[in-house]
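**Student:** build me a model:
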Amino acid sequence: MKILKAGIIGCGAFARAQHLPNCRENPNLQVVWACDIDIDKAQAVCQDFSIPNATDNPEKIFQDETVEVVILATSHHAHLELTAQAAAAGKHIMCEKPMALKLDDALEIVRIVQRHKIKFCVDHNRRCAPAMKALKKSWLDFRRNPQHQPWRFYEMERDQFRDEQNPVFLVRIQDESSSHRVIHKDPVYGGGAIIGESTHWYDLISWFFENDEPVNIQAWGSCIFNHGVNIEFRSGALGTLLFNTGGTFDYPKELYEITWNGALFRNECFLENQIYGIPGLEHSYYPLQHDVKH
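**Tutor:** Residues are numbered from 1 along each chain as shown. This next block holds a predicted model:
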């Protein structure tokens, strides 16, 4: 396969921990530019990840005709301007989430991408987890052909109320506040956790209910740390997120539960799928990407 050449803009902690190691392990991708407003960071990344070129000027990446892909790992507020510049140069874009902090900016990014006919991907990675793909498949299979455990009582003496016919997706996130960098809580540069972090779970809920349309959104709590968000879809399906930062990484961070029509589909932090109320389905397990002990 052809080796894609890429430039990364933003050489902070997340680029070092996620994007650059992933790029290094991909045999079909070579990062040839590292850019940061702090040239020392760009040069350090070049040294640590064997990248040939460092710069503090993104234009050098956009002007390099060998570069096909640009990875945006900057503060969130810079995504619109850099997307416009990269797209105008014909570069495909991998953008760290969220794609923008304001709706108008997000819509402008969509217009820019469509106008320049480039590929644009936002790093919403939960939907890509093998466990999540398998959980969604089990859920959709059940929706097409519901089968119930023969031993459990299933009431058939009355018609279901409307609420009983609607699925509910509960997302519970228990996080450690110490894992969040201060810049992500800045309303100008990071948007706070309700935008900068919880965008992962709005995306995941919408992906599960992909043929449905959100019609009502309610939020409560803090835009910086602890909060809840409820999304109601046109069909009546509900997605509810509970996010708190008073937890511990001594226990899996993320828990997902979908309930519908006498069945429960449950995932613990992408490692284990548990399905109840359906005959013949076993729990399934998935390997860790990595486990880091400090």
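**Student:** in the strand or helix carrying residue 60, what's buried?
**Tutor:** If you go by DSSP states H and E, residue 60 is part of helix 59-63. Under the neighbour-count criterion of 16 or more other Cβ atoms under 10 Å, helix 59-63 has 61-62 buried. Every C-beta, even on glycine, is put in place using the N, C-alpha and C of the backbone.
**Student:** kindly report the same for stretch 200-217.
**Tutor:** Neighbour-count burial for stretch 200-217 flags 200-206, 208-209, 212 (criterion: 16+ other Cβ under 10 Å).
**Student:** number of residues surrounding residue 159?
**Tutor:** 8 (other Cβ atoms under 10 Å).
**Student:** that one: what's it in contact with?
**Tutor:** Counting by Cβ atoms under 8 Å, 6 or more residues apart in numbering, residue 159 makes contact with nothing.
**Student:** residues in contact with the helix holding residue 60?
**Tutor:** Outside helix 59-63, the residues that touch it by Cβ under 8 Å, 6+ apart are 7, 9, 33, 35, 53, 55, 67, 70, 85-86, 88-89, 91.
**Student:** about what we covered before: the buried residues of stretch 200-217 in helices, which ones?
**Tutor:** 200-206, 208 (DSSP state H).
**Student:** farthest pair in those?
**Tutor:** Pairwise distances across those peak at 13.0 Å for 200 and 208 (criterion: Cβ to Cβ).
**Student:** so residue 38 is in contact with residue 56, correct?
**Tutor:** Yes - using Cβ atoms under 8 Å as the test, residue 38 is close enough to residue 56 to be in contact (7.2 Å).
**Student:** which other helices and strands does the worst-scoring helix or strand of the chain on mean pLDDT contact?
**Tutor:** Using mean pLDDT, DSSP states H and E, helix 193-196 stands out as the lowest-scoring helix or strand of the chain, at a mean of 87. Identification of packing neighbours for helix 193-196 by 3 or more Cβ pairs under 8 Å, 6 or more residues apart in numbering; DSSP states H and E yields strand 227-233.
**Student:** phi, psi of residue 183?
**Tutor:** Dihedral pair for residue 183: phi -60, psi -30, per degrees, to the nearest 10.
**Student:** typed the wrong thing, it's residue 268
**Tutor:** Phi and psi for residue 268, reported as degrees, to the nearest 10, are phi -110, psi 100.
**Student:** so what's it closest to, chain neighbours aside?
**Tutor:** Among residues not flanking residue 268 along the chain, residue 252 sits closest, at 5.2 Å (Cβ to Cβ, 6 or more residues apart in numbering).
**Student:** measure the one you found to residue 271 for me?
**Tutor:** From residue 252 across to residue 271, the span is 7 Å (Cβ to Cβ, to the nearest Å).
**Student:** cool, and residue 226?
**Tutor:** According to Cβ to Cβ, residue 226 and residue 271 sit 25 Å apart.
**Student:** before we move on, back to that, what's the most distant pair in the contacts of helix 59-63?
**Tutor:** Spatially, the most separated pair among the contacts of helix 59-63 is 53 and 88, at 20.8 Å (Cβ to Cβ).
**Student:** the two - which one has more neighbours?
**Tutor:** residue 53 (16 against 13).
**Student:** how about the residue nearest to residue 268, what does it touch?
**Tutor:** 268-269, 271 are the contacts of residue 252 under Cβ under 8 Å, 6+ apart.
**Student:** mind checking the backbone torsions on it?
**Tutor:** Main-chain dihedrals, residue 252, degrees, to the nearest 10: phi -50, psi 140.
**Student:** cool, residue 69 as well?
**Tutor:** Torsion angles, degrees, to the nearest 10, at residue 69: phi -130, psi 140.
**Student:** could you look up the SS state of the nearest residue to it once chain neighbours are set aside?
**Tutor:** Nearest residue to residue 69, sequence neighbours excluded (Cβ to Cβ, 6+ apart): residue 6, at 4.2 Å. For residue 6, the assignment made with DSSP: H, G, I helix; E, B strand; the rest coil gives strand.
**Student:** my guess is residue 6 contacts residue 23, does it?
**Tutor:** Yes - with contact defined as Cβ under 8 Å, residue 6 reaches residue 23; the gap is 6.7 Å.
**Student:** still on that earlier bit, can I get the contacts of residue 252 in CSV with distance to residue 131, neighbour count and pLDDT?
**Tutor:** Listed next are the contacts of residue 252 as CSV, based on distance: Cβ to Cβ, whole Å; neighbours: other Cβ atoms under 10 Å; pLDDT from 0 to 100:
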residue, distance to residue 131, neighbour count, pLDDT
268, 9, 17, 95
269, 9, 16, 93
271, 7, 15, 93
